[in-house]
Every structure is written in C-alpha cells, then in structure tokens.
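Visitor: Make a model of this:
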Amino acid sequence: MAPSSSTRGEDVYQRIKVDLVSGEFWPGSKLPFAMLTERYGSSASVIREGLSRLVEQGLVRSEPQLGYRVAPVSIRDLKDLTMARCAVETQALRLSLQHGDLAWESSVVAAIHALERTPVGTQPASADPWPLVHRRFHEALLEGCPSQRLINTALGLRDAAELYRRWSVPADDNGNRDLNHEHRAIADAAINRDAEAACRLLEEHLNLTARLLVERGLQEGFLDESELVETA
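Guide: Predicted coordinates for the structure are as follows:
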C-alpha cells in the first residue's frame, strides 16, 4: 500500500529537520525548491509544507519574494533565545516537579541513565545518538507539567537552539565542563522535588551552554565578534 500524503509529508519534514540540526546546511543559506525536491524526492508542495512547519519552529526563515533560507545565527539571537529558554523551561520544570507522579520520576531516572551511558560526539553528526538521548532527558524533566502548551513552547525553543549546538558541537565536550555532572545534578534535584535547586541548575546549564557556544562560534567564524560590543 502506498504511503498517504500526510505520511510522506511527515517523512520529508523530519528529514529536512534532521539535516538542518545536523549542520547539512550553512546558517543563513538559501533553500531553493529545485534542490530540495531533488534531494528529498518529493513535490514542491510537500517541501513547502515542511518548510512552513520549520519556520514556526525558528529553524527556517521565510522571506517574501525570496523564498526560504536556514535561520541565521547571531550572538544577539542566541542571547535572546537563551533568555527565553531559561524563562520557559524553568517554569515548566517547576510545574513538572509539583505535578509529576511516580511514572514521571521513573521516566527521569531512565532518561538520565541512558544519557550518562551515551558518549558525546563519537560519531558523525548525522548518526550521533547523543543529541536524541540528550533531548529525551530534557523532555522527560518537563513531562510532569500539566500545560502541554508550555511544554511545546519549551521544546520549540530547544529545537531553535539545536542549530547553534550543532554548529559548535565541541563546545559540549571541550574539557571546560562535565556534562554528566550537570545533568545528574538537575535530575537529582528534580527527583527530590527541590524546585529552587532544579530551576537554578537548569538555568546555569543553559547559560553555560550559550557562553561556550559564543566562544566556539567566534573561533569557527560563524558568529560575528562585532556583536559582542553591540550586545554587551
């Protein structure tokens, strides 16, 4: 039986998204329909639908008369994104600790167990399992939150941040931090229902990631050093 149009659309959307966050397309680069239809073996309408969904997530930009392009990266945007993530994720986490049940606790325990046993950056970006396991851990933390809209907002901001992380993978494993320790501390505080500690640790985790991403972005040349003065 041939796959339905909705199934094909979802498959194309997921493939484009994976390629975006794995760094297959340079930030700010154009996404011409001719290239995309050939690359993904799909119609322009299916491609357009997938790109529209990615625009909503902040991974792609739509420009009138010019088409679509990969979302550009900048220090200003990263700071704004990190501020938004800190506000939204900590609120969702706080509610998750208040409302999460035993099944939620078990999910967090399983997620941190898997994360601690998955090495960072040992495989090419497109095949690296760590980002998915990492995302699963942060999702698990929030799943006790009774507001699905708040969870969806938090995960959407996380998707937008993935562009930065993928273009600066060494920042997560450059000897300046112990990711397992950071994640374990957040998980322990969450399981112990210590909302103040859990939210503080999560915010520190997000801000440290942003600072290291700026350092790596300046080294690799995809962030503009002049922005440091503008955003100070």
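
Visitor: where along the protein do the helices fall?
Guide: According to DSSP state H, the chain carries its helices in the segments 5-21, 33-40, 44-56, 75-99, 102-116, 130-142, 148-166, 179-191, 195-220, 227-230.

Visitor: Of all the ones you listed, which one is nearest residue 69?
Guide: Smallest distance to residue 69 across the helices of the chain (Cβ to Cβ): 9.8 Å, for helix 44-56. The way it works is simple: take the backbone N, C-alpha and C, and place the C-beta from them, glycine included.

Visitor: And that closest one, how far out from the chain middle?
Guide: Centre-to-centre, helix 44-56 and its host chain are 19 Å apart (Cα atoms, centre = their mean, to the nearest Å).

Visitor: Of all the residues in that helix, which ones are buried?
Guide: The neighbour-count check on helix 44-56 (16 or more other Cβ atoms under 10 Å) flags 46-47, 49-51, 54 as buried.

Visitor: just curious, which of these is nearest to residue 21?
Guide: Of all the buried residues of helix 44-56, residue 21 sits closest to residue 54, with 10.1 Å by Cβ to Cβ.

Visitor: for that closest one, what are its contacts?
Guide: 13, 16-17, 20, 60 (Cβ atoms under 8 Å, 6 or more residues apart in numbering).

Visitor: Against residue 185, how distant is it?
Guide: Per Cβ to Cβ, to the nearest Å, residue 54 is found 33 Å from residue 185.

Visitor: What of residue 112?
Guide: From residue 112 to residue 185 the distance is 10 Å (Cβ to Cβ).

Visitor: quick one, which of these two is more surrounded?
Guide: Between residue 112 and residue 185, counted using other Cβ atoms under 10 Å, the more crowded position is residue 112 (23 against 18).

Visitor: Setting the sequence-adjacent residues aside, check what's closest to that one.
Guide: Leaving aside its chain neighbours, residue 112 sits nearest to residue 187 (4.1 Å; criterion: Cβ to Cβ, 6 or more residues apart in numbering).

Visitor: related to what we said a few turns ago, can you tell me which of the helices of the chain is nearest to residue 27?
Guide: Of all those, helix 148-166 sits nearest to residue 27, with 6.5 Å by Cβ to Cβ.

Visitor: What is the closest one packed up against?
Guide: Using 3 or more Cβ pairs under 8 Å, 6 or more residues apart in numbering; DSSP states H and E, the elements in contact with helix 148-166 are helix 5-21, helix 75-99, helix 130-142, helix 195-220.
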